[in-house]
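*Asks:* My questions are about this predicted structure, shown below with the sequence.
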Amino acid sequence: MNIEDRLRDVMIAHEHEAPGLAQFMAERALPGSAPRREHRAWFAGAAAACVLAVAVVLAMVAAPRAHQRQAAAPPTRPVSASTSPALACPGRSQQHLVLNPSDYWVPAQAQGVDARQRLVPNRTPAHVVVCAYLQGPALTGHKELRGDLATVTAALTWTPPSRLHPLACTDVLLITDADNYLVGLSYASGMIWVAAPGNHCAGSSNGQFTVDQSAAVLASSWYKSGAATAPATAPCDAAGRLGQERAMVPAAPTSLTICHSTVGNIGHVSTKTVTAGFEPLSRALNSLPTTPAAGSCDPTTPDRSYGESYHLIFHYAAGPPVEVDLAPQCPPSVTNLWLQSTDSTTIVPLVRQLLTGR
């Protein structure tokens, strides 16, 4: 294993420690506030790795921006006549640095499935193939995934569309920024490709539906293991759920986890999960006047900290949870990362009632 492979393994192994999309937005950068300790530690490690990798990565990620292109559909590998064919990986990737939604490259547009409403259809594919292009445009290798392919659907189909406002991105350079992946899903009725650039500032796209959330970490894990595995989860974090771009809390949550951070002790979080009695809270949240989330807030505390804050994690019978952040002393004080509201006066008493039981 050469130094690039070792660095790639290290960066991917610690990808969850980086301030990812949901975590970055949930912790919204504040004027005059210091970054969290775990972020500073992660940046230090990333910087050390980047010293060794910067020359290699710059050559790959600094390529001229190219608008989205559609190449001839790649051939399919023959399989049993009773099943749909598995997709074959293109020999070279035409993915370049992503600066606009049109910059994502897929080898062919979706066929026989609707690619406009979701990243992938909400049904289990017959085959899933992951194509890896590591540190360059040539195909490094591919894996046809084994196991429960419904896991792949669950990981991709609920991802919300890109936000209205451009996202801020951490100013670091990672060895994995020069890696690109394609995820090809085939069905009895058709097929769809998902572009998953490795650049940590990029999202993912099927050519018609683009999301802020990167699928590259998942694609890397699937490529290495050859297995359809679910993404890691944390009790007080949620990556996003389709529908939260239209409502603060999408319909029919089944339970709620409240993560509470007290004043002056932001790093300490207490949690409580309730399975009943939270409906008035979800209704109140959906009644708030909202605007598209801008990703930051303005603290009113003397020390310019968040003050007391809550992460409200709404769970569902199917699909991922939704996170609503409540910071009464940092307006706009309510956000689900896609929508925001400045008025939390009706929300805080309901949350405290659920916490105390009275």
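*Replies:* Noted; the coordinates are in hand. Residues are numbered from 1 along each chain as shown.
*Asks:* Quickly note the distance from the residue nearest to A150 when sequence neighbours are not counted to T291.
*Replies:* Distances taken as CB to CB, 6 or more residues apart in numbering place T124 nearest to A150, at 4.5 Å, with adjacent residues excluded. Every residue, glycine included, has its C-beta placed from N, CA and C. Counting by CB to CB, to the nearest Å, the gap from T124 to T291 is 37 Å.
*Asks:* Next one, pLDDT for the closest residue to R118 other than its chain neighbours please.
*Replies:* Take R118 and drop its neighbours on the chain: the residue closest to it by CB to CB, 6+ apart is T157, 5.3 Å away. On pLDDT, T157 comes in at 98.
*Asks:* burial count for T157?
*Replies:* For T157, the count of nearby residues is 18 (other CB atoms under 10 Å).
*Asks:* Report the separation between it and T176.
*Replies:* 24 Å.
*Asks:* do the same with S162
*Replies:* Between S162 and T176 the distance is 21 Å, computed by CB to CB.
*Asks:* Just want to know which of those two has more residues nearby.
*Replies:* With neighbours defined as other CB under 10 Å, S162 and T176 compare such that T176 has more, 24 against 19.
*Asks:* now the helices for this structure?
*Replies:* 3-13, 21-26, 37-61, 150-156, 216-225, 279-287, 348-356 (DSSP state H).
*Asks:* what's the domain layout of this structure?
*Replies:* With domains defined by automatic domain parsing, the chain comprises 3-225, 255-356.
*Asks:* With adjacent residues omitted, what lies nearest to the residue nearest the centre of the chain?
*Replies:* In the chain, the C-alpha nearest the mean C-alpha coordinate belongs to Q213, at 2.9 Å (CA atoms, centre = their mean). Spatially, and ignoring its direct neighbours in sequence, Q213 is nearest to T159 (5.1 Å; CB to CB, 6+ apart).
*Asks:* List the residues that contact the one you found.
*Replies:* Counting by CB atoms under 8 Å, 6 or more residues apart in numbering, T159 makes contact with R118, L119, S204, V211, Q213, A239, G240, L242.
*Asks:* buried subset of those?
*Replies:* R118, L119, S204, V211, Q213, A239, G240, L242 (16 or more other CB atoms under 10 Å).
*Asks:* now, the most widely separated pair of those?
*Replies:* For the buried ones among the contacts of T159, the maximum inter-member distance is 15.0 Å, found between R118 and A239 (CB to CB).
*Asks:* can you list the weak-confidence ranges in the chain?
*Replies:* Residue ranges of the chain with pLDDT under 70: 1-83, 166-167, 263-268.
*Asks:* Just the strands from the stretch 201-350 of the chain, written as ranges.
*Replies:* 204-205, 210-211, 255-262, 265-274, 291-292, 309-315, 322-326, 334-335, 339-341 (DSSP state E, counting those that start in this stretch).
*Asks:* hmm, who's touching the last one?
*Replies:* Surrounding strand 339-341, the residues in contact under the criterion CB under 8 Å, 6+ apart are 244-245, 247-248, 288-294, 332-335.
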